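S.K.: my questions concern the predicted model and sequence given below.
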Amino acid sequence: MTTEPRWRRILLKLSGEAFAGERGHGIDEQVIDRITDDIIDVWRNLRIEVAVVVGGGNFWRGMAGAERGIDRAQADYMGMLATVMNALALQDMLEKKGVPTRVQSSIRMPQVAEEYIRRKAIRHLEKNRVVIFAGGTGNPFFTTDTTAALRAVEVDAEVLLKGTHGGVDGIYTADPRSNPDAVRIDELGYLDVLNKDLRVMDPTAITHAKEHSLPIVVFDLMAEGNLRGLLCGQSIGTVVQ
């Protein structure tokens, strides 16, 4: 392990469900407090440039809405609005702790967020602001995993960090929650994930990362110190590259 971080610009993908904590719905302020502490630690002490993509599953999932009879595109737009709520909550907690942030949304809503502009996002990162991307890609039928891969490539992030929240710290040979013999896999290729249909991220996101040689690390975000340890070279999570 080294104190010198492996990457200087990262994109962190947070699921909406993580924001809900044990409540299962809505926002658990204690969870956001913990997540922001980890982000601030690497931003301030390791001088990491941090971009974040947030999901909205703690409020609404487009696929679930479609299954209830709502038009799929309409349901996905509803999900995009949910990500904006999470982004604003994350921004509020970060700024209360003294961190300059910008929320950029793919859906125009100038009263609460900037419009997503790639060059502006990069400039914010260069000025040491945490940039939070909301609104998905702005298009239905795409997940926030795909948004994360897209934005990571666009802003020249060196890695996409997929933070999980269910106590599983990477990709395993089987579900470790039900199979005590499951073994964590330290490294996988993009094609391994696609060919084995491993549901760690949306296949579109994996394919986009592969095309641009963007490494992905799947890790347990909720374990204290994992984000710093991962960046400093500890064997945490599974690397897909």
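M.R.: Nice, I can see it.
S.K.: now the strands for this structure?
M.R.: All strands of the chain, identified by DSSP state E, fall at 9-14, 49-54, 101-105, 114-115, 130-134, 159-164, 171-172, 184-185, 187-188, 216-220, 238-240.
S.K.: how about the helices of this protein, start to end?
M.R.: Secondary structure of the chain (DSSP state H): helices located at 16-20, 29-45, 62-67, 72-96, 118-126, 144-154, 190-195, 203-211, 226-231.
S.K.: what about the worst-scoring helix or strand of the chain on mean pLDDT, distance to the chain center?
M.R.: Among the helical and strand segments of the chain, the one scoring lowest on mean pLDDT, DSSP states H and E is helix 62-67, with a mean of 72. Centroid separation between helix 62-67 and its chain, computed with Cα atoms, centre = their mean, to the nearest Å, is 21 Å.
S.K.: also stretch 33-51?
M.R.: Stretch 33-51 sits 14 Å away from the centroid of its parent chain (Cα atoms, centre = their mean).
S.K.: what do you get for stretch 203-221?
M.R.: Counting by Cα atoms, centre = their mean, stretch 203-221 comes out at 11 Å from the chain centroid.
S.K.: quick check: which helices or strands does the least confident helix or strand of the chain pack against?
M.R.: When contacts are defined as 3 or more Cβ pairs under 8 Å, 6 or more residues apart in numbering; DSSP states H and E, helix 62-67 packs onto helix 72-96. (Glycine included, C-beta is placed from N, CA and C.)
S.K.: now for the helix it packs on, which elements pack on it?
M.R.: Contact here means 3+ Cβ pairs under 8 Å, 6+ apart; on that basis helix 72-96 packs against helix 16-20, helix 29-45, strand 49-54, helix 62-67, strand 101-105, strand 130-134.
S.K.: can you tell me how far Phe219 is from Gly237?
M.R.: Summarising the geometry, the distance separating Phe219 from Gly237, computed by Cβ to Cβ, to the nearest Å, is 3 Å.
S.K.: look at the two and report which has more neighbours.
M.R.: For Phe219 versus Gly237, the count of surrounding residues by other Cβ atoms under 10 Å is larger for Gly237: 26 against 23.
S.K.: quick one: the more buried one from Asp186, how far?
M.R.: When Cβ to Cβ is applied, the distance between Gly237 and Asp186 equals 9 Å.
S.K.: shared neighbours, those two?
M.R.: The contact sets of Gly237 and Asp186 overlap at Gly170 (Cβ atoms under 8 Å, 6 or more residues apart in numbering).
S.K.: ok, Asp37 - contacts?
M.R.: Going by Cβ under 8 Å, 6+ apart, Asp37 touches Lys97.
S.K.: before we move on, the earlier item: ok, and which of the helices of the chain has the densest surroundings?
M.R.: helix 144-154 (a mean of 25; mean count of other Cβ atoms under 10 Å).
S.K.: check the offset of that one from the chain's centre.
M.R.: 9 Å.
S.K.: which secondary structure elements does it contact?
M.R.: strand 9-14, strand 49-54, helix 118-126, strand 159-164, helix 203-211.
S.K.: for these, give me JSON lines that also has distance to Lys97.
M.R.: Output for the helices and strands packed on helix 144-154, formatted as JSON lines (distance: least, Cβ to Cβ, whole Å):
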{"stretch": "strand 9-14", "distance to Lys97": "16"}
{"stretch": "strand 49-54", "distance to Lys97": "13"}
{"stretch": "helix 118-126", "distance to Lys97": "18"}
{"stretch": "strand 159-164", "distance to Lys97": "19"}
{"stretch": "helix 203-211", "distance to Lys97": "30"}
